[in-house]
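Colleague: Please find the sequence and the predicted model below.
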Amino acid sequence: MRATLADYIKFLRLPGLGGLAIPPVFGAISVGVYDMNVLSILFLVGALSAIYGFALNDYADVELDGLVKELKNKPLVKGAISRKNAVAVCLFTMIFSFFFAFLLWHGKELDDFKFAAVLSLVLAAVLGSIYDLYGKKIPGSDFFVAISMSFVFLYGALAVADSRIGILTWVIFLLTFNQTLHMNAVEGGIKDADHDYLMGVKNLALSSGVKVQGKNVHIPATFASFGVAIRIFSAILVFIPFVYGMKYYYWQLAFLVVMLAGVLYIEIKLVTLKKFDRKKIRKLIAGATFLRYAVVPVMLMSLIGIAGGLILAFLPIAWYIAFTPLTGTKVFQPEM
């Protein structure tokens, strides 16, 4: 029973939901909504959306994952969870994500913003599903999942907005797109380069010439530049709201510079790797992930207070540390 529970916790990505579920919450905060009841429901919608995406992806990639030694303990691969149950999880999370989305508006009139919010959530589900089911065969499909995640964020803003969407919301929308694109196309492309080609995967990494030969990995300058360019573009985006009048603390800007420098440093280490070491790649990805999760909360500190920003910044890592032991794996040694 304990092993089955651990497998489901791992399959549902429970340790990662502290960060994966947060985009709709950021969306609401970006339009000035701080009500904890509202933010809690949005977090739940974000969590269900994330579980749906990862469960469907695991279902679609079960044969491919079975080719990788490090992934043979994934619940679907080893048969601890059946593919039938995986489909049931997908249906359950999709239905309840929309249930809670509408629950948020109980007793309220459905205006244009709420209609747009539903449309954003539908588009996120459609694009995310296309990526999960057919992405391995469609070059550039990483853009689908990136815009899908951005629409989940935009849902959070539109769901509670009562006036026009401002520049802060659109900047975080683009940051969400950039982060997800990088996570899938660059980090995922390098991490999985040793086995993606075995199943005829067509992605940006392999199309650009990323390849693993023995213990060596070749990352072309064009692909490395693509990854670095995403990070630099994101760094520029972070400061745009402040240029256009959002209040700030000087130490806040300095802290953001240090954090973004850290992300860029990790990026350069990742795209200049010469030896293929999945364990090292995982650590680099994990380090960049926790840093970039904290960037938006630090951006928002002048609006939500230092305490609120710190809570949001440390939520993903605290959540991860709290729930990872339930999966039976070591902290900071994710199975990806």
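Modeller: Perfect, I can see it now.

Colleague: all strands for the stretch 101-250 of the chain, in order.
Modeller: 211-213, 216-218 (DSSP state E, counting those that start in this stretch).

Colleague: now for those, which one comes closest to residue 62?
Modeller: Closest to residue 62 of these is strand 211-213 (C-beta to C-beta; 21.8 Å). In this view, the C-beta of every residue, glycine as well, is placed from N, C-alpha and C.

Colleague: before we move on, the earlier item: could the strands of the stretch 101-250 of the chain go into JSON lines alongside mean neighbour count and mean pLDDT?
Modeller: Shown next, in JSON lines, are the strands of the stretch 101-250 of the chain (neighbours: other C-beta atoms under 10 Å; pLDDT from 0 to 100):
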{"stretch": "strand 211-213", "mean neighbour count": "14", "mean pLDDT": "91"}
{"stretch": "strand 216-218", "mean neighbour count": "14", "mean pLDDT": "94"}
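
Colleague: want to try JSON lines for the ones you listed, with distance to residue 316 as columns?
Modeller: Output for the strands of the stretch 101-250 of the chain, formatted as JSON lines (distance: least, C-beta to C-beta, whole Å):
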{"stretch": "strand 211-213", "distance to residue 316": "30"}
{"stretch": "strand 216-218", "distance to residue 316": "28"}
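
Colleague: Residue 172: which of those strands is closest?
Modeller: That would be strand 216-218 among these, by C-beta to C-beta, at 32.8 Å.

Colleague: ok, residues contacting the closest one?
Modeller: Here strand 216-218 makes contact (C-beta atoms under 8 Å, 6 or more residues apart in numbering) with 190, 193-194, 209-212, 273-276.

Colleague: repeat that for 10 Å
Modeller: The contact list for strand 216-218, computed with C-beta atoms under 10 Å, 6 or more residues apart in numbering, reads 190, 193-194, 209-212, 273-277, 281.

Colleague: what two of the residues you listed are the furthest from one another?
Modeller: Spatial extent of the contacts of strand 216-218 (C-beta to C-beta) is set by the pair 209 and 277 at 19.8 Å.

Colleague: if we can go back for a sec, among the strands of the stretch 101-250 of the chain, which is nearest residue 178?
Modeller: Comparing the strands of the stretch 101-250 of the chain by their distance to residue 178 (C-beta to C-beta), the top pick is strand 216-218, with 23.6 Å.
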